[in-house]
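**Student:** Sequence and predicted structure below; questions after.
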Amino acid sequence: MSQQKADEAFAAFQEFVKARNAADDWINWADTTGSVMSPAMVCKAIEIGTSALRQNSRIKKLRGEVEAGLRRKKVYVSPSDVTKKSAATELTSNSNSKERAKMKRLEERNAALEEEVSGLKSKLVKANIFEEHLLETGRALPL
């Protein structure tokens with residue numbers, strides 16, 4: 001990245017930070033974890049590449065300071081809290097997805113068994129009708 005582009009990107013990021021502080025809408029700019037700014041949203045807003053956020057040391061430093069300040073103000077959560085929550089959430093979501101898959105298999109099996117029972121009931125009704133007819137005509141022996 002040329003020095004001029006780096007300076008322009010840093011100036012754009014500084015303006016972005018000033019605008020967000022004035023609007024006090026930082027929570028809208030958080031990523032899905034709620035612990036850092038969403039790089040994609042920030043880059044789209046100030047029209048720079050995401051590589052500028054990673055490679056420009058001045059932007060990285062300012063971003064880190066802003067995010068740390070927002071964590072102190074409890075606008076963003078700390079990454080350690082996110083890790084604990086995400087591990088618990090992942091465990092819960094994994095067990096939920098396993099339970100959903102098991103439930104689906106059981107429902108499918110239940111539907112197949114109900115269909116089989118229905119077929120067997122209709123065959124039993126037909127067999128009873130035939131047995132009754134044969135008994136009435138004297139062609140069957142009662143069991």
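**Tutor:** Alright, I've got the coordinates.

**Student:** how much space between residue 47 and residue 31?
**Tutor:** From residue 47 across to residue 31, the span is 19 Å (Cβ to Cβ, to the nearest Å). Any C-beta I mention is one placed from the backbone N, CA and C, and that applies to glycine too.

**Student:** cool, residue 118 as well?
**Tutor:** From residue 118 to residue 31 the distance is 52 Å (Cβ to Cβ).

**Student:** Compare these two and say which is more crowded by neighbours.
**Tutor:** Each of residue 118 and residue 31 has its neighbours counted (other Cβ atoms under 10 Å); residue 31 has more, 15 against 10.

**Student:** Surely that one and residue 37 touch.
**Tutor:** Yes: contact status for residue 31 versus residue 37: in contact at 6.9 Å, counting by Cβ atoms under 8 Å.

**Student:** Give me the common contacts of those two.
**Tutor:** The contact sets of residue 31 and residue 37 do not overlap (Cβ atoms under 8 Å, 6 or more residues apart in numbering).

**Student:** Neighbours of residue 104, how many?
**Tutor:** 10.

**Student:** okay, the residue nearest the centre of the chain: pLDDT?
**Tutor:** Residue closest to the mean C-alpha point of the chain, counted by Cα atoms, centre = their mean, is residue 93 at 8.4 Å. At residue 93, the pLDDT value in this model is 70.

**Student:** in which helix or strand would I find it?
**Tutor:** Residue 93 belongs to helix 79-137 when assigned by DSSP states H and E.

**Student:** helices or strands next to that helix in the packing?
**Tutor:** Applying 3 or more Cβ pairs under 8 Å, 6 or more residues apart in numbering; DSSP states H and E, we find helix 79-137 packed against no helix or strand.

**Student:** How is residue 141 assigned, secondary-structure-wise?
**Tutor:** coil (DSSP: H, G, I helix; E, B strand; the rest coil).

**Student:** For it, the count of nearby residues, please.
**Tutor:** Counted with other Cβ under 10 Å, residue 141 comes out at 7.
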